[in-house]
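Q: Structure of the sequence below:
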Amino acid sequence: MCECLGVSRSGYYGWLSRPPSVRQLADEVLTEKIHLVHTQSRGTYGYRRVTAELIDEHGEEAGRHRIARLMRKAHLQGVTRRKFCRTTRRDDRARPAPDLLGRDFSAPGPDRRWVADITYVPSTAASSRTATWPAWPSSISSKASTTPGAATPRSATSARPSTSGDGTLRPR
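A: The predicted structure follows:
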């Protein structure tokens, strides 16, 4: 085996019986401190924050590249932030949708004003969007209309969405 690796037998056995170097011992102590800081951060800190924490709290003078090397060797890794995902690319030439509510979202009664929201839901399979409409159950609106002084007749100007033939939402 020594011939294959190009190492003399005496060199191999000398390396085998040699005690660990001062640097190796210092790395083992530093790795224990890195484990402690990483555990205290609940596994979220990467090498930059671990380095800052070791310098600030433990008074340990070590470079970030050394910390990164020891973390890789110990299979420790911080949590990465999600990458920014731009979900809408606005066409500046397109006419904006009309503001039918005039930015007034207070409703005079049940089933009078509806709003919608489209939310980006990140997933590993593919990007997906979820459309939501806050629903006001008709049982609540019928109870509200039977309450004295709470008569809310449905008018033609309510902003409840309706789908047209092409699938777009428009006010009724």
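
Q: Tally up the residues packed near M71, please.
A: A count of nearby residues for M71, using other C-beta atoms under 10 Å, gives 21. Just so you know, the C-beta spots here come from the backbone N, C-alpha and C atoms, and that holds for glycine as well.

Q: didn't it look like it was pressed against V37?
A: No. Counting by C-beta atoms under 8 Å, M71 does not reach V37; the two are 10.1 Å apart.

Q: who touches both of those two?
A: Common contacts of M71 and V37 (C-beta atoms under 8 Å, 6 or more residues apart in numbering): V50.

Q: model confidence over stretch 50-63, on average?
A: Averaging pLDDT along stretch 50-63 yields 91.

Q: I meant to write stretch 97-109 there.
A: 84.

Q: buried residues in that stretch?
A: The neighbour-count check on stretch 97-109 (16 or more other C-beta atoms under 10 Å) flags 107, 109 as buried.

Q: Check the offset of that stretch from the chain's centre.
A: On the basis of C-alpha atoms, centre = their mean, to the nearest Å, stretch 97-109 sits 32 Å off its chain's mean C-alpha point.

Q: For D56, pull up the helix or strand it's in.
A: In the assignment (DSSP states H and E), D56 maps to helix 47-57.

Q: following that helix, which helix or strand comes up?
A: The first helix or strand that comes after helix 47-57 along the chain, using DSSP H and E, is helix 64-73.

Q: outside of that next one, which residues touch it?
A: Helix 64-73 is contacted from outside by 27, 30-31, 34, 38, 46-48, 50-51, 54, 77, using C-beta under 8 Å, 6+ apart.

Q: Can you say which of those are buried?
A: 27, 30-31, 34, 38, 46-47, 50-51, 54.

Q: Please identify which pair of the residues you listed lies farthest apart.
A: D27 and G46 (18.7 Å; C-beta to C-beta).

Q: Would you mind measuring from W15 to R69?
A: Using C-beta to C-beta, to the nearest Å, one gets 21 Å for the distance from W15 to R69.

Q: higher neighbour count, the two?
A: Neighbour totals were compared for W15 and R69, and R69 leads with 13 against 9 (other C-beta under 10 Å).
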